[in-house]
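Asker: next one to model:
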Amino acid sequence: MIDLYYWTTPNGHKIPIFLEEAALPYTIHPINISKGEQFQPAFLQISPNNRIPAIVDLEPIVGGEPISVFESGAILQYLAEKTGKFLPTDLRGRMETMQWLFWQVGGLGPMLGQNHHFTQYAPEKIPYAIQRYLKETERLYGVLDRQLTNREYITGEYSIADMAAYPWIVPHASQQIDLNAFPNLKRWFESIQSRPAVKRAYAKAEGIR
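Answerer: Numbering: from 1, shown residues only. Predicted coordinates for the structure are as follows:
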């Protein structure tokens, strides 16, 4: 059983997708970040950086006390290693998947997050910032589109790299991106969007929202 501390953000969505794909039992504990619940002392014991998502694995494969994990990329890696799913075991396949997972965590997510901030939430519109992050968003979409040339998924087989990237592409319209300009990415996006586990994960998000 996994306790999932979660809110309906792109980073949050990654973990229910994995849990649904792997058919792992889990309980969602909503952390409403708009109400500041991420600063509650009990949550900070699990996620000291006051960010969702975070998990507590009540039944670690090594036995013993529950294990808590914060940071979405670390959680995906942990769950993949726990289940033996969605992360190749051969060295080359594993490293390619981990590279793209780190690419999402270190690049795609932060840059698209800045796009969201300056286009939608900033108290004043700053044209330089909006254009800067729009151009970086377009560049990163292009990187992913090229990687998906002649590949069904980011590293060939469906993996935690796809689960990490997909939720950040879902709000492409609010990022001022036309997916038709990135045909390989669009094909990939629609393929993941149609997966039953992904539909279940997003349905649960709607119930929480």
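Asker: switch to C-alpha atoms for all contacts and neighbour counts from now on
Answerer: Will do.
Asker: thought R151 was touching D162, still the case?
Answerer: No - in this structure, D162 is not within contact of R151 by Cα atoms under 8 Å, at 11.9 Å.
Asker: which one's more surrounded, those two?
Answerer: When D162 and R151 are compared on other Cα atoms under 10 Å, the one with more neighbours turns out to be D162, at 22 against 13.
Asker: check the secondary structure at the more buried one for me.
Answerer: helix (DSSP: H, G, I helix; E, B strand; the rest coil).
Asker: swap in the one 5 residues further on?
Answerer: Secondary structure state of P167, per three-state DSSP, is helix.
Asker: and it, what does it touch?
Answerer: Contact analysis of P167 by Cα atoms under 8 Å, 6 or more residues apart in numbering lists 10-11, 13-14.
Asker: go again with 10 Å.
Answerer: 9-14, 17, 109, 189, 193, 198, 202 (Cα atoms under 10 Å, 6 or more residues apart in numbering).
Asker: for L185, same thing?
Answerer: 141-149, 152-154, 166, 169, 179, 191.
Asker: 7 Å instead, please
Answerer: 144-145, 148 (Cα atoms under 7 Å, 6 or more residues apart in numbering).
Asker: can I get the CA coordinates of the helix or strand of the chain with the lowest mean pLDDT in CSV?
Answerer: Within the chain, confidence by mean pLDDT, DSSP states H and E is lowest for helix 196-208 among all helices and strands, at a mean of 91. Output of helix 196-208 as CSV, limited to C-alpha atoms (Å, rounded to 0.1, in the frame of the first residue of the first chain):
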residue,chain,number,x,y,z
PRO,A,196,-6.8,3.4,-19.6
ALA,A,197,-4.5,3.9,-16.6
VAL,A,198,-3.9,7.6,-17.6
LYS,A,199,-7.7,8.1,-17.9
ARG,A,200,-8.2,6.6,-14.5
ALA,A,201,-5.5,8.8,-12.9
TYR,A,202,-7.0,12.0,-14.4
ALA,A,203,-10.5,11.0,-13.4
LYS,A,204,-9.3,10.8,-9.8
ALA,A,205,-7.8,14.2,-10.1
GLU,A,206,-11.1,15.6,-11.3
GLY,A,207,-12.8,14.2,-8.2
ILE,A,208,-10.2,15.9,-5.9
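Asker: so what secondary structure elements neighbour it?
Answerer: helix 10-22 (3 or more Cα pairs under 7 Å, 6 or more residues apart in numbering; DSSP states H and E).
Asker: run the chain-centre distance for the helix it packs on.
Answerer: Distance of helix 10-22 from its chain centroid, counting by Cα atoms, centre = their mean, to the nearest Å, is 7 Å.
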